[in-house]
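Colleague: Sequence first, then the predicted structure:
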Amino acid sequence: MYDKHTEEQEQAAHRSKPGNEITAKSELVLERLLAAHGAWFDVSRDVSVAGRAFRALAQFHSFGEQYVLVKRVKLWEAEEHEYMLFDVRDHIDAEAARSYVEFMKNEALELVKPEPNHMSSFRTLVVIANSASDEACTLFRKTSHRKNFMWGIRGWSDVRLALIDLSKPQGSRVVCNGAAKRIRKSLEANATDTLRG
């Protein structure tokens, strides 16, 4: 049974753990990113996914189809989805990075619904940190993970990881894995504009 009071306590405890001290800079970057995604994504704040608390979840769903003459005669139809989790930390070390990576590879799969018309889903994680260890950055950059459903017949799901390290200079703040390179410029621009303003 859902208990909002218990969930709020868990989220408050998550924020008060060592390594989760939040500063005004990181909060501003989070707000800017959520506002930027709000036009296209459904944004929910302070969510729990597979028992783990996150600051926000942004969801995007796209449906496409091709038909001949009438809509009843479909050649194909496909669904694409993106589930973008946001978290904020004071510092991220190798242990915290490993925990995020394992979560995204395994538990975050509960977000994906590989139904007959499912083509692809991105499980995206954006962590905003005041600082990050070199090991954490390397782990985020080198992680690659794809899950095929029914040998690809029901599509696939890729893990996209992005770490925004606010201690780094402009142009090198965002560390992404290969699958997340498409969103790197957008994340860097939003972080830079926020910190500049």
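Modeller: Sure thing, it's come through.
Colleague: Identify the bridge partners of Glu79.
Modeller: Per DSSP bridges, the residues bridged to Glu79 are Phe63, His118.
Colleague: I'd like the distance between it and Ser121.
Modeller: Separation of Glu79 from Ser121 (C-beta to C-beta, to the nearest Å): 9 Å. In this view, the C-beta of every residue, glycine as well, is placed from N, C-alpha and C.
Colleague: Leu33 now?
Modeller: In this view, Leu33 and Ser121 are 20 Å apart by C-beta to C-beta.
Colleague: Now do the strands in the chain.
Modeller: Assigned strands in the chain, in chain order: 42-49, 52-67, 74-92, 118-132, 146-148, 156-165, 174-176 (criterion: DSSP state E).
Colleague: what number of residues lie near the closest residue in space to Arg98 that isn't next to it in sequence?
Modeller: Nearest residue to Arg98, sequence neighbours excluded (C-beta to C-beta, 6 or more residues apart in numbering): Leu139, at 6.4 Å. As a burial measure, Leu139 scores 23 neighbours (other C-beta atoms under 10 Å).
Colleague: quick revisit: between Glu79 and Ser121, point out the one with more neighbours.
Modeller: The neighbour comparison of Glu79 against Ser121 (other C-beta under 10 Å) goes to Ser121, with 23 against 19.
Colleague: Now that the more buried one has come up, it's in contact with Glu110, right?
Modeller: No - counting by C-beta atoms under 8 Å, no contact exists between Ser121 and Glu110, whose distance comes to 11.5 Å.
Colleague: Near Glu115, how many other residues are there?
Modeller: A count of nearby residues for Glu115, using other C-beta under 10 Å, gives 10.
Colleague: Ser121 is in contact with that one, correct?
Modeller: No - contact between Glu115 and Ser121 fails when scored by C-beta under 8 Å: they sit 10.8 Å apart.
Colleague: Mind listing the shared neighbours of those two?
Modeller: Counting by C-beta atoms under 8 Å, 6 or more residues apart in numbering, Glu115 and Ser121 have no shared contacts at all.
Colleague: End to end on stretch 35-44, go ahead and measure it.
Modeller: This stretch, stretch 35-44, spans 12 Å end to end (C-alpha to C-alpha, to the nearest Å).
Colleague: Identify each buried residue in it, please.
Modeller: Within stretch 35-44, the residues scored as buried using 16 or more other C-beta atoms under 10 Å are 36-37, 41, 43.
Colleague: Surely the residue nearest to Arg98 touches Val101?
Modeller: Yes - in this structure, Leu139 is within contact of Val101 by C-beta under 8 Å, at 6.2 Å.
Colleague: what residues are up against Ser44?
Modeller: Applying C-beta under 8 Å, 6+ apart to Ser44 gives the contacts 56-59.
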